[in-house]
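1. Let's see this in three dimensions:
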Amino acid sequence: MNRQTKRMMERDRRQQAAARRPPVVERKKRAGPRQFLREVRQELRKVAWPTRRELLAYTVVVLVSVVVLTSFVFGLDFLISKAVLALFGVETG
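-> From the prediction side, this is the model:
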């Protein structure tokens, strides 16, 4: 093996070792409070805010859903508790 071949093999070995090493990650500099608030305002301008009518409709949907689901869970709880008490022979007043 001649000198040139040895140099090429050494160069290839170094390149492979460098490829295996994880890349150096530069830490991003933190933004100051003013810049942060400025960017927050810019992002909030992009938000599609609901109209008053849409907000009212969404609120009614949520409240009705909560009442219906709460009633359903209460009914299941009541029926299951009555069944368990009847199964164990406990009398309820």
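2. Which secondary structure element is home to A19?
-> Using DSSP states H and E, A19 maps to helix 3-20.
3. Toward the C-terminus, what is the element adjacent to that helix?
-> helix 33-45.
4. Show the subsequent helix or strand relative to that following helix.
-> Taking DSSP H and E, what comes next after helix 33-45 is helix 52-88.
5. sorry, back to before: are there helices or strands packed against the helix holding A19, and which ones?
-> Contact partners of helix 3-20 among helices and strands, from 3 or more CB pairs under 8 Å, 6 or more residues apart in numbering; DSSP states H and E: none. (Glycine included, C-beta is placed from N, CA and C.)
6. Show me which residues of it are buried.
-> For helix 3-20, a neighbour-count test (16 or more other CB atoms under 10 Å) marks nothing as buried.
7. With stretch 76-93 instead?
-> Buried, per 16+ other CB under 10 Å, within stretch 76-93: nothing.
8. Quick one: mean pLDDT over that stretch.
-> Averaged across stretch 76-93, pLDDT comes to 88.
9. Pull that stretch out as PDB, backbone CA atoms only.
-> Extracted in PDB, the C-alpha atoms of stretch 76-93 (Å, rounded to 0.1, in the frame of the first residue of the first chain):
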ATOM      1  CA  LEU A  76     -76.700   5.500  35.400                       C
ATOM      2  CA  ASP A  77     -75.200   6.100  38.900                       C
ATOM      3  CA  PHE A  78     -78.700   6.000  40.400                       C
ATOM      4  CA  LEU A  79     -79.700   2.800  38.600                       C
ATOM      5  CA  ILE A  80     -76.400   1.000  39.300                       C
ATOM      6  CA  SER A  81     -76.500   1.900  43.000                       C
ATOM      7  CA  LYS A  82     -80.100   0.600  43.300                       C
ATOM      8  CA  ALA A  83     -79.100  -2.600  41.500                       C
ATOM      9  CA  VAL A  84     -76.100  -3.200  43.700                       C
ATOM     10  CA  LEU A  85     -78.000  -2.400  46.900                       C
ATOM     11  CA  ALA A  86     -80.800  -4.800  45.800                       C
ATOM     12  CA  LEU A  87     -78.200  -7.500  45.000                       C
ATOM     13  CA  PHE A  88     -76.700  -7.300  48.500                       C
ATOM     14  CA  GLY A  89     -80.200  -7.100  50.100                       C
ATOM     15  CA  VAL A  90     -79.900  -3.700  51.600                       C
ATOM     16  CA  GLU A  91     -83.100  -1.900  52.000                       C
ATOM     17  CA  THR A  92     -83.300   1.700  51.000                       C
ATOM     18  CA  GLY A  93     -85.900   4.100  52.400                       C
END
